[in-house]
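Undergrad: This is the structure alone, sequence omitted:
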Ligand code: F6P
């Protein structure tokens with residue numbers, strides 16, 4: 001009997017822990033089931049190439065260091081929905097059939113996709129149209145995938161943001177400044193809330209809770225009464241201006257991406273007070289950092305479980321972390337709800353009881 005053959009691809013924005021997940025998939029597949037394991041390059045783009053851009057993984061691939069490395073050695077992409085794929089001349093093509101054909105050319109017995117909700121949606125559609133046998137592992141620094149308590153990459157991003165606050169503390173105190181740290185997270189405030197608590201922020205601004213500049217000033221004034229002249233403010237990238245506008249950066253490619261709310265807060269505070277502000281925007285440092293221990297562990301546990309699902313031929317499932325163990329749910333159910341910060345979250349209450357200003361509605 002020939003060995004079963006499985007593929008792995010990483011799709012969407014990279015993050016810490018992807019290499020750890022690939023490593024774990026390889027070990028489980030090889031050691032327990034004697035499967036042949038292929039890494040598809042650059043997400044679904046690898047399936048568009050002929051021959052398909054894929055590498056067979058072996059023990060040497062992992063040689064010790066990949067576990068510790070951020071990013072994904074297979075490459076990824078978060079551009080170009082294959083159903084509406086941008087061409088060089090500004091038009092769009094449906095490349096879904098190429099991907100499906102590439103998948104079948106490889107004669108895979110299953111494909112593990114490591115992606116966020118956007119990637120899972122696309123791959124689910126491809127799988128349905130092309131009879132692809134997929135199992136999904138959730139990864140995203142935003143931690144917004146509904147059915148899992150944690151996604152790969154989130155803890156690393158929180159750790160990076162916490163360390164940034166640690167480093168900003170001393171310089172804030174030396175110069176009696178308000179240091180504003182802008183973090184990623186898309187429409188969810190999990191990174192800001194978690195890192196804000198861990199890094200001792202005085203003010204946490206997240207998209208889910210309305211704030212006001214006056215509310216921030218009131219907090220700064222109350223700190224002054226205790227003779228504290230410096231402060232740490234952490235703000236999530238999707239927080240809006242007071243009048244409700246989204247703050248975006250326009251890039252050279254013409255695309256607009258979230259970014260700049262930290263500068264807005266700084267300008268508003270400096271207009272209305274004598275507080276000296278400085279802004280740090282952490283950006284992709286949160287994604288490229290070496291994975292924390294907890295992300296390596298989560299990724300390893302997800303990898304093992306995903307291979308077991310393939311072996312049992314349980315497809316169209318997403319692995320999830322729930323009540324201290326790995327479980328699986330249908331992919332649709334896994335991504336049905338967008339996981340925001342909720343007012344009733346324990347961490348919101350924690351922030352409040354630590355005297356952190358987190359908004360006016362609370
Ligand atoms: O979804 C992950 C994420 O890092 C978001 O937090 C951020 O808004 C976005 O991706 C950045 O995407 P890009 O890598 O395209 O700049």
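TA: Received, thanks. Quick caveat: nothing in here was measured; it's all calculated off a predicted structure.
Undergrad: Which residues are in contact with the residue of the stretch 251-362 of the chain found nearest the ligand?
TA: Distances between the stretch 251-362 of the chain and the ligand by C-beta to the nearest ligand atom are smallest at residue 258, namely 5.0 Å. Where you see a C-beta, it was placed from the backbone N, CA and C, and this is true even at glycine. When contacts are counted by C-beta atoms under 8 Å, 6 or more residues apart in numbering, residue 258 touches 184, 186, 237, 238, 246, 247, 248, 249.
Undergrad: Return only those of the residues you listed found close to the ligand.
TA: Checking the contacts of residue 258 against the ligand by C-beta under 6 Å from any ligand atom, the ones in range are 184, 186, 237.
Undergrad: Now do whichever residue of the chain sits closest to the ligand, the pLDDT please.
TA: Of all residues in the chain, residue 184 sits closest to the ligand, at 3.3 Å by C-beta to the nearest ligand atom. pLDDT, residue 184: 98.
Undergrad: Okay, now the sheet partners of the helix or strand bottoming out on mean pLDDT in the chain, with direction.
TA: When each helix and strand of the chain is scored by mean pLDDT, DSSP states H and E, strand 85-86 comes last, with a mean of 89. Sheet pairing for strand 85-86, assigned by DSSP bridges, gives strand 92-93 (antiparallel).
Undergrad: And the strand it pairs with, how far out from the chain middle?
TA: 27 Å (C-alpha atoms, centre = their mean, to the nearest Å).
Undergrad: Residues contacting it, please?
TA: Strand 92-93 has contacts (C-beta under 8 Å, 6+ apart) with 84, 85, 86, 87.
Undergrad: Export those to JSON lines and append columns for distance to residue 42.
TA: JSON lines is the format used below for these (distance: C-beta to C-beta, whole Å):
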{"residue": "84", "distance to residue 42": "18"}
{"residue": "85", "distance to residue 42": "13"}
{"residue": "86", "distance to residue 42": "15"}
{"residue": "87", "distance to residue 42": "17"}
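Undergrad: circling back to that earlier point, with distance to residue 358 added, can I get the contacts of residue 258 in CSV?
TA: Listed next are the contacts of residue 258 as CSV, based on distance: C-beta to C-beta, whole Å:
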residue, distance to residue 358
184, 18
186, 19
237, 17
238, 15
246, 20
247, 19
248, 24
249, 25
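Undergrad: I would like a PyMOL command selecting only the buried ones among those residues, please.
TA: The buried residues among the contacts of residue 258 can be selected in PyMOL (16 or more other C-beta atoms under 10 Å) with this line:
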select buried, resi 184+186+237+238+247
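Undergrad: from the contacts of residue 258, which ones fall inside strands?
TA: 248, 249 (DSSP state E).
Undergrad: Flag every buried residue along the longest helix belonging to the chain.
TA: Identified as the longest helix of the chain according to DSSP state H is helix 154-175. Buried residues in helix 154-175, counted by 16+ other C-beta under 10 Å: 154-165, 168-169, 172.
Undergrad: Same question for stretch 25-44.
TA: The neighbour-count check on stretch 25-44 (16+ other C-beta under 10 Å) flags 25-30, 35-44 as buried.
Undergrad: and the closest residue to residue 329 other than its chain neighbours, which of the three is it?
TA: Spatially, and ignoring its direct neighbours in sequence, residue 329 is nearest to residue 147 (5.0 Å; C-beta to C-beta, 6 or more residues apart in numbering). Assigned with DSSP: H, G, I helix; E, B strand; the rest coil, residue 147 falls in the coil class.
Undergrad: what does the stretch 51-200 of the chain put close to the ligand?
TA: Counting by C-beta under 6 Å from any ligand atom, the stretch 51-200 of the chain sits next to the ligand at 78, 140, 141, 142, 184, 185, 186.
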